[in-house]
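> sequence first, predicted coordinates after that:
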Amino acid sequence: MIYTITANPALDCAIECNQIDLGETNYYQHSYSLIGGKGINVAIVLNRLGSPVLATGFLGNNNKTLFEEDFEKEKLNHEFVYFDGATRINYKIKNLAAHQETELNGLGDVVSNEATESLLNFLRHELKKGDLVIAGGSLPQGVNKSLYLEIGNICQAKEVTYFLDTTKDPLRLGLQSKPYLIKPNLAEIAEVLEQPIKQSYSFVEIEKMVAELRSLGANNVLLSMGGQGSYYFANKGKTYKIGIAKGKVVNSVGAGDSMLAGFAFGYYEKLSVEETLKYAASAGGATAFAPWLGTKKAIEAHLNEISIQQLEGEKWK
Ligand SMILES: Nc1ncnc2c1ncn2[C@@H]1O[C@H](COP(=O)(O)OP(=O)(O)O)[C@@H](O)[C@H]1O
Ligand SMILES: O=P(O)(O)OC[C@H]1O[C@](O)(COP(=O)(O)O)[C@@H](O)[C@@H]1O
């Protein structure tokens, strides 16, 4: 079974406008809301691909039905821990004229220690050797920054594979449990290594940063770079450059989560590394080219467009 954990789900509210003047009254053309949060997006895409998946994490009682209705529509297995309060709303403000997207993500209401303990107990009880756990996203207020480390330790004890997609302190701490896979972008790597974020990086600089991530506990690193594709630094010493699917971007929110879902699909189905990386990039693209998350049909349609190049001369051991 694959379990996805979303500690801080979100209602993603997209607002489309052609101009924003800060400090002024602005009008927008169109808005829409979708359920989201890293693990929930991963779970929906995995479920669409036909993998056995269950979504868990924390949801606020006040607006839980919005999530549950969509879980039912998607026929997604779910078992969340509920807390008193509301799941946050994340605003994605799209300036269509300037091709600019500004994200305003909420911190999330306070989640109690009891709720955290319930989630950990659920995992202690349910996880079995051979399962895959995918935890992702920020942590809500009230939750200890070491949550992803605690989850990683449970996975280690139960011989469960652990994928972790988070940032900053929760990532730095989570790395101590040596997750099998992390999927950062360049800004997230710079943040966790406490380095200034640069506009561009040479491959040598990227290699150096990945080596530093390894010294903190990372194994396999799937580095995503939006429309510029991605790199896969495998801990067995091979590095792959992965191309992108062809299409027109509609909404890239969830592209990273979909990439992780595509990778998890290939990993769980025991596909080759190359096929797995194709699923990862196809799924990322299929979501970027759609109003919401990519469908199985769209993901499979892009598979043949993805180039995979194994880089020579890498130094990883
Ligand atoms: N414009 C795009 N065209 C094609 N594929 C894309 C595009 N944007 C994202 N993707 C795919 O989705 C993956 C993840 O996107 P990315 O923006 O890097 O994730 P994140 O939001 O986590 O930073 C990319 O590596 C790529 O494979
Ligand atoms: O928990 P965080 O880091 O605030 O991120 C949550 C946001 O990320 C998303 O999961 C999308 O992530 P990606 O675009 O990286 O795939 C949104 O649904 C959500 O609003």
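Received, thanks. Numbers count the residues shown, from 1 in each chain. Ligands and ions are numbered 1, 2, ... in the order given.
> which of the three states applies to the residue of the stretch 151-300 of the chain found nearest ligand 2?
For the stretch 151-300 of the chain, the residue closest to ligand 2 is Gly256, as judged by C-beta to the nearest ligand atom, at 3.1 Å. C-betas here are computed from N, CA, C, even on glycine. Using DSSP: H, G, I helix; E, B strand; the rest coil, the structure places Gly256 in helix.
> which other helices and strands does the helix or strand where Leu213 lies contact?
Assigned by DSSP states H and E, Leu213 belongs to helix 203-216. Under the contact definition 3 or more C-beta pairs under 8 Å, 6 or more residues apart in numbering; DSSP states H and E, helix 203-216 sits against helix 186-192, strand 220-224, strand 230-233.
> most tightly packed of the ones you listed?
strand 230-233 (a mean of 24; mean count of other C-beta atoms under 10 Å).
> so after it, what's the next helix or strand?
With DSSP H and E, the next secondary element past strand 230-233 is strand 239-242.
> that older thread, my guess is the residue of the stretch 151-300 of the chain closest to ligand 2 contacts Lys183, does it?
Yes. Using C-beta atoms under 8 Å, Gly256 is in contact with Lys183, at 6.6 Å.
> so what sits against both of these two?
165, 224 (C-beta atoms under 8 Å, 6 or more residues apart in numbering).
> assign a three-state SS to Leu164, would you?
Applying three-state DSSP: Leu164 is strand.
> from ligand 1, how far off is it?
Applying C-beta to the nearest ligand atom, to the nearest Å, the value for Leu164 to ligand 1 is 13 Å.
> what about the residue nearest to that residue when sequence neighbours are not counted, helix or strand, and which?
Leaving aside its chain neighbours, Leu164 sits nearest to Pro179 (4.1 Å; criterion: C-beta to C-beta, 6 or more residues apart in numbering). According to DSSP H and E, Pro179 maps onto no helix or strand at all.
> near ligand 2, which residues of the stretch 151-300 of the chain? Just list them.
253-257 (C-beta under 6 Å from any ligand atom).
> by neighbour count, which of the residues you listed wins?
Compared across those, Asp257 has the highest neighbour count, 30 neighbours, by other C-beta atoms under 10 Å.
> distance of the closest residue to that residue other than its chain neighbours from Val204?
In space, and not counting its chain neighbours, Asp257 is closest to Asn41: 3.5 Å by C-beta to C-beta, 6+ apart. Distance from Asn41 to Val204, counting by C-beta to C-beta, to the nearest Å: 33 Å.
> what do you get for Ala286?
Here Ala286 is placed at a distance of 32 Å from Val204 (C-beta to C-beta).
> what about the residue in the chain positioned nearest to ligand 2, how many neighbours?
Proximity of the chain to ligand 2 (C-beta to the nearest ligand atom) peaks at Gly36, 2.6 Å away. Residues contacting Gly36 under the criterion other C-beta under 10 Å number 24.
> in the stretch 1-150 of the chain, what residue is nearest ligand 1?
For the stretch 1-150 of the chain, C-beta to the nearest ligand atom, closest residue to ligand 1: Lys38, 8.6 Å.
> what's the separation between that residue and Ala234?
Counting by C-beta to C-beta, the gap from Lys38 to Ala234 is 22 Å.
> who's more crowded, these two?
Lys38 (27 against 18).
> was I right to think the more buried one contacts Asp165?
Yes. Between Lys38 and Asp165 there is a contact under C-beta under 8 Å: 5.7 Å.
> what do the two both touch?
With C-beta under 8 Å, 6+ apart as the test, Lys38 and Asp165 both reach 136-137, 256-257, 260.
> where does Gln199 land in three-state SS?
Applying three-state DSSP: Gln199 is coil.
> list the contacts for it?
Contacts of Gln199 by C-beta under 8 Å, 6+ apart: none found.
> again with Thr276
Thr276 touches 262-263, 265-267, counting by C-beta under 8 Å, 6+ apart.
> 6 Å - rerun?
Contacts for Thr276 (C-beta atoms under 6 Å, 6 or more residues apart in numbering) come out as 263, 266-267.
> where neighbours are concerned, which of these has the most?
Counting by other C-beta under 10 Å, top hit in those: Phe263 with 28 neighbours.
> confidence score at that one?
Reported pLDDT at Phe263 in the predicted model: 98.
> quick check: it touching Ser282?
No. Applying C-beta atoms under 6 Å as the test, Phe263 and Ser282 come out as separate, 10.7 Å apart.
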